[in-house]
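# The amino acid sequence is not available; the structure is as follows:
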């Protein structure tokens with residue numbers, strides 16, 4: 001967490017894939033970060049076929065989820081979930097609330113990173129045919145902006161949020 005008091009992680013113990021958090025000082029056991037209703041939801045491939053207009057998909061807990069970035073105030077965590085087909089989608093969750101999808105597409109989106117002011121989310125997507133770094137307003141709406149020009153991975157914001165760094169091959173951009 002931004003204040004350094006808790007660690008978010010994924011685990012399959014004691015059951016299906018889930019996100020947990022735990023105090024760094026060991027003062028308490030790990031607690032599920034996702035709500036119980038999320039853990040019991042139908043799996044994404046089955047749920048997608050029955051979605052009604054205006055409804056949001058839910059996580060199943062059957063696929064691995066990877067915590068990636070907290071907002072600076074610790075109120076929201078961005079993570080990606082790997083689908084059975086291998087692609088990843090980006091979700092956000094407030095602790096003990098149901099997660100909300102941020103990007104659900106047939107492409108592979110991953111490595112979400114909140115800007116220091118929490119108004120932008122940088123991420124990697126292969127929608128162009130190669131990995132590129134994009135930025136979108138958070139929570140939206142708004143268009144995405146392509147940041148990298150010849151491929152990119154691992155976006156990281158500067159502390160003041162005025163710069164976005166990423167890797168392109170062996171180079172830091």
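Received it, and whenever you're ready, just let me know what you need. Please read these numbers as outputs of a predicted model, since none were measured by experiment.
# going forward, measure contacts between C-alpha atoms and count neighbours the same way
Fine.
# Mind jotting down where the strands sit in this structure?
When assigned using DSSP state E, the strands of the chain occupy the ranges 6-11, 18-23, 31-32, 65-70, 77-82, 88-93, 100-103, 109-114, 120-125, 132-137, 145-146, 153-157, 164-168, 171-172.
# Tell me how far the spatially closest residue to residue 93 that is not a sequence neighbour lies from residue 165.
Take residue 93 and drop its neighbours on the chain: the residue closest to it by Cα to Cα, 6 or more residues apart in numbering is residue 99, 4.3 Å away. Distance of residue 99 to residue 165, computed by Cα to Cα, to the nearest Å: 27 Å.
# out of the two, which sits in the busier spot?
The residue with more neighbours, out of residue 99 and residue 165, is residue 99; 23 against 17, by other Cα atoms under 10 Å.
# pLDDT score for that one?
Turning to residue 99, the model gives it a pLDDT of 88.
# any weak-confidence spans in the chain?
14-17, 35-62 (pLDDT under 70).
# Might you report the residue contacts of the spatially most central residue of the chain?
Note on the chain: the residue nearest the mean C-alpha position is residue 79, at 2.1 Å, using Cα atoms, centre = their mean. With contacts defined as Cα atoms under 8 Å, 6 or more residues apart in numbering, residue 79 is in contact with 65-69, 90-92, 110-112.
# For the residue located most distally from the centre of the chain, give its distance to residue 173.
For the chain, the C-alpha farthest from the mean C-alpha position belongs to residue 27; by Cα atoms, centre = their mean, that distance is 26.8 Å. Distance, residue 27 to residue 173, by Cα to Cα: 40 Å.
# what's the answer for residue 76, then?
Plainly put, residue 76 is 27 Å away from residue 173 if you go by Cα to Cα.
# Equivalent analysis for residue 10, please.
Using Cα to Cα, one gets 30 Å for the distance from residue 10 to residue 173.
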